[in-house]
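Asker: Okay, predicted coordinates and the sequence, questions at the end:
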Amino acid sequence: MTLESILTSDTVTTIKLELDQMKAKLYNRSKTSQLWINYQKMLQIARSLIKADRTCSWLMHLSAVADCLPIFAAAGHYNYLRSAYYYVQEMSGLEIKHPDVFRKFTNGFHVIRRSNQFWAGLSSDLVIEQTLMRSLKSTGGLTRGSGMNEAQRSLWMMSIPVTATYNNAMQEFNHLLYTTSEQHKESTEARIQRDSSDLSKISSKLIVCTPFSEEPSLRNIVNGVVAKSDVNVHDYEFVGRKIMDKMIGQPAFTVSFKRKDTAKTLGDAAAVRVAPEQLCCSNGFLLCPKQETFRWKM
């Protein structure tokens, strides 16, 4: 029995259907539950991004980046939005414009592998940080007295392929060569126990402070602060799509956005309430009733 056959079995399909139905029911229960279901969706997108790089899946990578666009827009990260929007647009036509590159990417060559393990793909920027930037800032690097002028940078960059060969030879001679084990570090017994402990703590907290109560308002599940009517972070995807509609037919890097169009969170509010009592809050005061705010001397 293979993993693929298990994932496509009737039992797993039935469980997934039941979970989807329960999520839909909870989604329509309240604004708070809608926020938490959307939060789980964002976590799934983040996991898909990591999985796409680790497993060298080009199509999953593009799909996950496209799912990030409404999040960037709703959060007001407009530079990320412009760059990712242009990136997805260009890469979606890669099969037609550059079929040879597309074929290599679909075969897993859009990431870098430093070992033969399945879960070992790394994005190019991460590898640059781990290798090139690490050697630049370590002993013998440009930041350790060699200088940072143009001539020194060119000499250092051009000599890297040669010095890397010598470095590997010296490591092999001294039995310090980089090797990998069959078991990934995230599947070790210690990591599994720690993950299980963290999951147990979160589950216990959510039992006490459940976000899926019958209260229809949007609220903080820990202190009970209720959001004002203009707080719309629970519907971030609608807010993000509305912002993205302004980009249609316009160059991605010239379109302008307004900060007021972003999703409003509970932290953006100047006043909140707990039950019927109005509270004032700022960075300098704890939450307290208005009449009690100036009672104490500074």
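Answerer: Arrived safely, thanks for sending.
Asker: tell me which element the residue nearest in space to the middle of the chain falls in.
Answerer: Using CA atoms, centre = their mean, the residue of the chain that lies closest to the mean C-alpha position is Ala46, 4.1 Å off. Taking DSSP states H and E as the criterion, Ala46 maps to helix 31-54.
Asker: so how far is Ile71 from the residue nearest to the centre of the chain?
Answerer: In this view, Ala46 and Ile71 are 10 Å apart by CB to CB, to the nearest Å. Bear in mind the C-beta positions are built from the backbone N, C-alpha and C, glycine included.
Asker: mind listing the strands for the stretch 51-200 of the chain?
Answerer: Here the stretch 51-200 of the chain has its strands, by DSSP state E, counting those that start in this stretch, at 112-113, 121-122.
Asker: ok now the first one, how far from the chain's centre?
Answerer: Same thing as strand 112-113. 20 Å (CA atoms, centre = their mean, to the nearest Å).
Asker: Same question for the last one.
Answerer: Per CA atoms, centre = their mean, the displacement of strand 121-122 from the mean C-alpha position of its chain is 16 Å.
Asker: Just name whatever secondary elements it is in contact with.
Answerer: Counting contacts by 3 or more CB pairs under 8 Å, 6 or more residues apart in numbering; DSSP states H and E, strand 121-122 packs against helix 31-54, strand 112-113.
Asker: Can you add distance to Glu186 and give those back as TSV?
Answerer: Listed next are the helices and strands packed on strand 121-122 as TSV, based on distance: least, CB to CB, whole Å:
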stretch	distance to Glu186
helix 31-54	10
strand 112-113	17
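Asker: so which of these comes closest to Ile243?
Answerer: Distance to Ile243, taken as CB to CB, is lowest for helix 31-54 among the helices and strands packed on strand 121-122, at 16.2 Å.
Asker: So which other helices or strands are in contact with that closest one?
Answerer: Applying 3+ CB pairs under 8 Å, 6+ apart, one finds that helix 31-54 makes contact with helix 10-27, helix 58-75, strand 121-122.
Asker: Setting aside sequence neighbours, what's the nearest residue to Lys104?
Answerer: The shortest distance from Lys104 to any non-neighbouring residue, by CB to CB, 6 or more residues apart in numbering, is to His110 (7.8 Å).
Asker: So that neighbour is in contact with Cys56, correct?
Answerer: Yes - counting by CB atoms under 8 Å, Cys56 is a contact partner of His110 at 7.4 Å.
Asker: Quick one: closest of the helices and strands packed on helix 31-54 to Phe102.
Answerer: Distance to Phe102, taken as CB to CB, is lowest for helix 58-75 among those, at 8.0 Å.
Asker: Need the CA coordinates for that closest one. PDB is fine.
Answerer: Presented in PDB, the C-alpha positions along helix 58-75 are these (Å, rounded to 0.1, in the frame of the first residue of the first chain):
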ATOM      1  CA  TRP A  58       6.800  24.100  -9.800                       C
ATOM      2  CA  LEU A  59       3.000  24.100 -10.300                       C
ATOM      3  CA  MET A  60       2.300  24.000  -6.600                       C
ATOM      4  CA  HIS A  61       4.800  26.900  -6.100                       C
ATOM      5  CA  LEU A  62       2.900  29.100  -8.700                       C
ATOM      6  CA  SER A  63      -0.400  28.200  -7.200                       C
ATOM      7  CA  ALA A  64       0.700  29.100  -3.600                       C
ATOM      8  CA  VAL A  65       2.300  32.400  -4.700                       C
ATOM      9  CA  ALA A  66      -1.000  33.300  -6.500                       C
ATOM     10  CA  ASP A  67      -2.900  32.500  -3.300                       C
ATOM     11  CA  CYS A  68      -0.600  34.900  -1.400                       C
ATOM     12  CA  LEU A  69      -1.700  37.900  -3.600                       C
ATOM     13  CA  PRO A  70      -4.900  38.800  -1.600                       C
ATOM     14  CA  ILE A  71      -3.000  38.500   1.600                       C
ATOM     15  CA  PHE A  72      -0.400  40.900   0.500                       C
ATOM     16  CA  ALA A  73      -3.100  43.300  -0.700                       C
ATOM     17  CA  ALA A  74      -5.200  43.200   2.400                       C
ATOM     18  CA  ALA A  75      -2.200  43.600   4.700                       C
END
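Asker: Packing partners of it?
Answerer: Short answer (3+ CB pairs under 8 Å, 6+ apart): helix 58-75 packs on helix 31-54, helix 78-92, helix 236-244.
Asker: Save those helices as CSV, and put in mean pLDDT too.
Answerer: Output for those, formatted as CSV (pLDDT from 0 to 100):
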stretch, mean pLDDT
helix 31-54, 94
helix 78-92, 94
helix 236-244, 94
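Asker: As JSON lines, those with distance to Thr139 would be great.
Answerer: Formatted as JSON lines, the helices and strands packed on helix 58-75 follow (distance: least, CB to CB, whole Å):
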{"stretch": "helix 31-54", "distance to Thr139": "30"}
{"stretch": "helix 78-92", "distance to Thr139": "35"}
{"stretch": "helix 236-244", "distance to Thr139": "46"}
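Asker: If anything else comes up later, I'll come back, but that's it for now.
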